[in-house]
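> Just a sequence and a predicted model for now, questions to come.
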Amino acid sequence: MGLALVQSRALLGLAAPRVTVEVHLANGLPSFTLVGLADVEVKEARERVRSALLNSGLEFPSNKRIIVNLAPADLPKDSGRFDLPIALGILAASGQINGDALAEYEFAGELSLSGALRPVRGALATALALHRQQDGARLVLPPGSAQEAAFVPSAQVFCAHHLLDVVRRFITRSANALVQMEQDTDGACCSDESEDTGETGETDETDALPAAGDTQTCHGPGWHAVQPQPAAPVRSSLDLAEVRGQAQARRALEIAAAGGHGLLLVGPPGSGKSMLAQRFADLLPPMSDDEALEAAAIASLAGRFTPERWRQRPTASPHHTASAVALVGGGSPPRPGEISQSHHGVLFLDEFPEFARSALEALREPLETGQITIARAAQRCEFPARFQLVAAMNPCPCGHWGSTVQRCRCTPDKVARYQARISGPLLDRIDLHVEVGALPPQELLAARSGEASDTVRERVVQARALALQRQGSANHQLQGQALDDHLGLSPEALTFAHKAAARLGWSARSTHRALKVARTIADLAGSAAVETGHVAEAMQYRRVLRLPS
């Protein structure tokens, strides 16, 4: 009888593949069939759509056979994001709205039983995928989701609060539902009072679609074009000046922030490891546009995006009972884990050896490649995971091995087993290993406050700018030929590095990572070449874990 096509998007990692919602109305026994590899939440859309249409004063073709196909059929679909396009498809197939006008738009939104639109997960990721594909489609989203998607540059995003707001934009001459819905809602629906629909019930063409440059927000009812409204940046109340003493650890934090290196803090309880790690993110340089969009898109996939966190480096600090799936991601459909949530930010793992061995070993690949691939029987997803690892641990089960303040109660076997929970290959991938010793009370109270975070950040920004100007990336990302081309080792430093690596028995990875750290130290000093002193300092930050003799 009637066929209508409405465009929408599914979520598959950071990709947002196009989904065509095909609705066919036919004669036959009344039914409502939904096909196309739909998950349980999507199949429940039948009841939500039916109630939303009826409660909005619109006609539901209950005497027809309704078939809804979500194409392509082999792509998994989840959540209630297809409620709105299914409802519009039914209205278009039954002739209540103009189906041809829907082709210029893509729709996503969950419907309440009253017809109100509710936010959906991954709106910003969807808009980012459209931006990268250079797809000029216009997105129609619920409040909240529309504000997320509008952060993507050049995105054409429209906000609708109610199903009736969307219907009014595509009403046909033959439809008489508009009069009925105006009477039923008594003007309470989300509509623009200034819009003239005329006696025929058709929206005037000049008023039907907002202009591309319309900069209204969706704080009020109705259909509006949306522009982002970033909140004022929230400054952290944690300052590095609050850390007294620990000069070597503070220096290591500065080097790690300047070069993007991983950091392991080892020391007894109460020595300040967590205090240092919590202040690390505030030392990092400001995010670029691409970094901010990628980080925000991943937060949107997990439903964690807030405008207040825009352009702020994400920090994830999962509990040590977190599983490997919680860290790397998973589920059906796959969702990003903590390592992807900290993309372009910091992943802080306190009580490092207490994490499950499988969870820690899962970090090895993303630390090397900057991405994580989640492969399942039905699908495969890739999530970016270019994070800075900051880990903290005690040197032994009681925490006081090697301390000058308290005596250790652990046997050498216990210490060896505890430290062996961190595998050699994983330690090899962490650039900086720093010992954070416990300060005696008299020394701690007499120590002066150190440099503030703002002062350290200025040096970090300058060093990172030198690296970006030289090679286009942070120093920790240097690999292969790029490392040889941009390292800039002086002949004396090269000879020293060869001798030290041979004597210490380092692997090629350990040597290269130490040289990357030396390159960062040289950048902090404003030196074009890496000298012997830079290499010597870099080699001090390796292999803090030493078993008792």
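Yes, it's here.

> all strands for the stretch 351-500 of the chain, in order.
371-375, 380-384, 388-393, 432-435 (DSSP state E, counting those that start in this stretch).

> what packs against the first one?
It stands for strand 371-375. Applying 3 or more CB pairs under 8 Å, 6 or more residues apart in numbering; DSSP states H and E, one finds that strand 371-375 contacts strand 329-330, strand 380-384. For every residue, glycine as well, the C-beta is placed using N, CA and C.

> you'd agree residue 460 is up against residue 282?
No. The pair residue 460 / residue 282 is not scored as a contact, 10.3 Å apart, by CB atoms under 8 Å.

> Following the lowest-mean-pLDDT helix or strand in the chain in sequence, what is the next regular element?
Least confident helix or strand of the chain, by mean pLDDT, DSSP states H and E, is helix 205-208 with a mean of 34. Following helix 205-208 in sequence order, the next helix or strand is strand 223-225 (DSSP states H and E).

> Could you spell out the sheet neighbours of that next one, each with its direction?
Partner strands and pairing direction for strand 223-225 (DSSP bridges) are strand 157-160 (antiparallel).

> Using PDB, list the CA coordinates for the strand it pairs with.
C-alpha atoms of strand 157-160 as PDB (Å, rounded to 0.1, in the frame of the first residue of the first chain):
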ATOM      1  CA  VAL A 157      22.000  19.800  14.000                       C
ATOM      2  CA  PHE A 158      18.300  20.500  14.900                       C
ATOM      3  CA  CYS A 159      16.700  19.900  18.200                       C
ATOM      4  CA  ALA A 160      13.100  18.700  18.700                       C
END
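
> got any ranges where the stretch 351-500 of the chain has weak pLDDT?
Within the stretch 351-500 of the chain, the ranges that satisfy pLDDT under 70 run 377-378.

> Likewise for the chain?
For the chain, the ranges with pLDDT under 70 are 1, 172-221, 229-235, 377-378, 543-549.

> Output the longest helix belonging to it.
Using DSSP state H, we find that the single longest helix of the chain is helix 453-471.

> Would you mind measuring from residue 3 to residue 93?
Going from residue 3 to residue 93 by CB to CB, to the nearest Å gives 6 Å.

> wait, residue 102
Note on residue 102: its distance to residue 93, by CB to CB, is 11 Å.

> overlap in contacts of the two?
Residues touching both residue 102 and residue 93 (CB atoms under 8 Å, 6 or more residues apart in numbering): residue 4.

> tally of neighbours for residue 409?
Number of residues near residue 409 (other CB atoms under 10 Å) recorded here: 12.

> I misspoke; the intended subject was residue 496.
18.

> got a list of what it touches?
Going by CB under 8 Å, 6+ apart, residue 496 touches 532, 535-536.

> Point me to the helix or strand that includes residue 347.
Applying DSSP H and E as the criterion places residue 347 in strand 346-349.

> And stretch 84-102, end to end?
The first and final residues of stretch 84-102 sit 12 Å from each other (CA to CA, to the nearest Å).

> Use 684 as the first number from now on
Got it, first residue is 684 now, which makes that one stretch 767-785.

> In it, which residues are buried?
Buried residues in stretch 767-785, counted by 16 or more other CB atoms under 10 Å: 767-782, 784-785.

> same thing with stretch 824-838?
So, applying 16+ other CB under 10 Å, buried residues of stretch 824-838: 824-826, 828-835, 838.

> which ones are touching residue 1071?
Residue 1071 neighbours (CB under 8 Å, 6+ apart): 939, 943-946, 963, 967, 1025, 1028-1030.

> Just to be sure, which of those are found in helices?
residue 939.

> hang on, the earlier thing: quick one, which of the helices and strands packed on strand 1054-1058 is nearest to residue 1044?
Judged by CB to CB, the one of the helices and strands packed on strand 1054-1058 that comes nearest to residue 1044 is strand 1012-1013, at 15.3 Å.

> List the strands paired with that closest one, with their directions.
Going by DSSP bridges, the partners of strand 1012-1013 are strand 1018-1019 (antiparallel).

> Wait, residue 982 touches residue 988, no?
Yes. Between residue 982 and residue 988 there is a contact at 4.1 Å, judged by CB under 8 Å.

> Mutual contacts of these two, please.
residue 807.

> The two: which is more packed in?
Neighbour tally, residue 982 and residue 988, criterion other CB under 10 Å: the higher count belongs to residue 988, 25 against 22.

> quick one: the residue nearest to residue 935 when sequence neighbours are not counted from residue 1079, how far?
Nearest non-adjacent residue to residue 935, counting by CB to CB, 6 or more residues apart in numbering: residue 1117, 4.3 Å away. Separation of residue 1117 from residue 1079 (CB to CB): 17 Å.
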